[in-house]
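**Student:** Sequence first, predicted model second:
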Amino acid sequence: MDKAVIYARVSSKDQEVEGFSIPAQIKLLQEYASSSDLQVIKRFTDIETAKKAGRTQFNQMLAFLKDNSTIKYILVEKTDRLLRNITDYALVDSLIEHSYL
């Protein structure tokens, strides 16, 4: 069974209420992992904008992935929840084979 992490993000507290909430994202991604035979090792969530590099949990996830090279997947509800700037893209690309959903 391949290993994965879940990353869920909203840009603001307002979006948490009005948009696709973090619990809804996690539920969707957990269901996807189960149906795809992926073992979720850890979940990371951010409630902050991704317009600039340096999200708190995003950085913790990158450090975790660096220390756990057997993890092959980052599961996200939409790619723009994960990658919003070129710096973040380069960091993720250097650490992981796949990011899905």
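**Tutor:** That came through, no problem.

**Student:** Packing partners of the longest helix belonging to the chain?
**Tutor:** Ranked by number of residues, the top helix in the chain under DSSP state H is helix 22-35. Where contact means 3 or more Cβ pairs under 8 Å, 6 or more residues apart in numbering; DSSP states H and E, helix 22-35 is packed against strand 2-10, strand 38-47, strand 71-75. Where C-beta positions appear, they are placed from N, C-alpha and C, glycine not excepted.

**Student:** closest to Gln25 out of those strands?
**Tutor:** For the helices and strands packed on helix 22-35, proximity to Gln25 was assessed by Cβ to Cβ; strand 2-10 is nearest, at 3.9 Å.

**Student:** about what we covered before: show me which residues of the longest helix of the chain are buried.
**Tutor:** Going by neighbour count (16 or more other Cβ atoms under 10 Å), the buried part of helix 22-35 is Ile22, Gln25, Ile26, Leu28, Leu29, Tyr32, Ala33.

**Student:** for the fifth one, what are its contacts?
**Tutor:** I take that to be Leu29. Shown in contact with Leu29 (Cβ atoms under 8 Å, 6 or more residues apart in numbering): Ile6, Ala8, Val40, Leu75, Val76, Glu77, Leu101.

**Student:** was I right about the second one contacting Glu77?
**Tutor:** Looking back up the chat, that one is Ala8. Yes: using Cβ atoms under 8 Å, Ala8 is in contact with Glu77, at 6.7 Å.

**Student:** which one of the two has more residues nearby?
**Tutor:** Between Ala8 and Glu77, Ala8 has the larger neighbour count (other Cβ atoms under 10 Å), namely 25 against 20.

**Student:** Tyr32 versus that one, what's the distance?
**Tutor:** Using Cβ to Cβ, to the nearest Å, Ala8 is found at 12 Å from Tyr32.
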